[in-house]
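1. coordinates only, sequence not included:
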């Protein structure tokens, strides 16, 4: 009976150890995600495509509290369009999903950053417009 009890205690302690290890890995993963997400901040010279037109602009990501948000400009032939990026969140390592809004409407931007955060390649789409994706890319500017 004593050896059975000892085996039971070892199993319980082993399970507790596995749970602690898993929780530690989750905490480490959350810290790692927060660390790389902070490195996205800065200004990027951007190229944003719509239909057959590619337009230059600037995309900026800023830290606001524990969140990442941003702004952007698009240099159109008729003037500059300004917009905001909100609700940015990590959807996988080095990839963020943000909501955009400007005078044309709203939609989403999904951007994947390079390993050294020197740029990103992304796609944007208009809310409710189906599967139409347009490129939105950026190269980090020197601050």
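-> Looks like it arrived, so ask away. What you are looking at is a predicted structure, and each value in this text was computed from that prediction instead of being measured. Residues are numbered from 1 along each chain as shown.
2. when you work out contacts or count neighbours from here on, use the C-alpha atoms and nothing else.
-> OK.
3. other residues contacting stretch 39-56?
-> 57-63, 68, 74-76, 113, 117, 119, 134-141, 143 (CA atoms under 8 Å, 6 or more residues apart in numbering).
4. burial of the closest residue to residue 74 other than its chain neighbours, as a residue count?
-> Of all residues not flanking residue 74 in the chain, residue 57 sits nearest, at 4.3 Å (CA to CA, 6 or more residues apart in numbering). By other CA atoms under 10 Å, 21 other residues sit near residue 57.
5. OK, contacts around residue 57?
-> 45, 46, 47, 48, 72, 73, 74, 75.
6. among the residues you listed, which lie within strands?
-> 45, 46, 47, 48, 72, 73, 74, 75 (DSSP state E).
7. so what's the residue count around the first one?
-> It stands for residue 45. Residue 45, neighbours per other CA under 10 Å, totals 17.
8. quick check: bridge partners of the residue nearest to residue 74?
-> Judged by DSSP bridges, the bridge partners of residue 57 are residue 46, residue 74.
9. could you check the pLDDT of it?
-> For residue 57, the pLDDT comes out at 97.
10. what lines up beside the top strand by length along the chain in the sheet?
-> If you go by DSSP E, the chain has its longest strand at strand 79-92. Looking at strand 79-92 with DSSP bridges, its partner strands are strand 67-76 (antiparallel), strand 95-102 (antiparallel).
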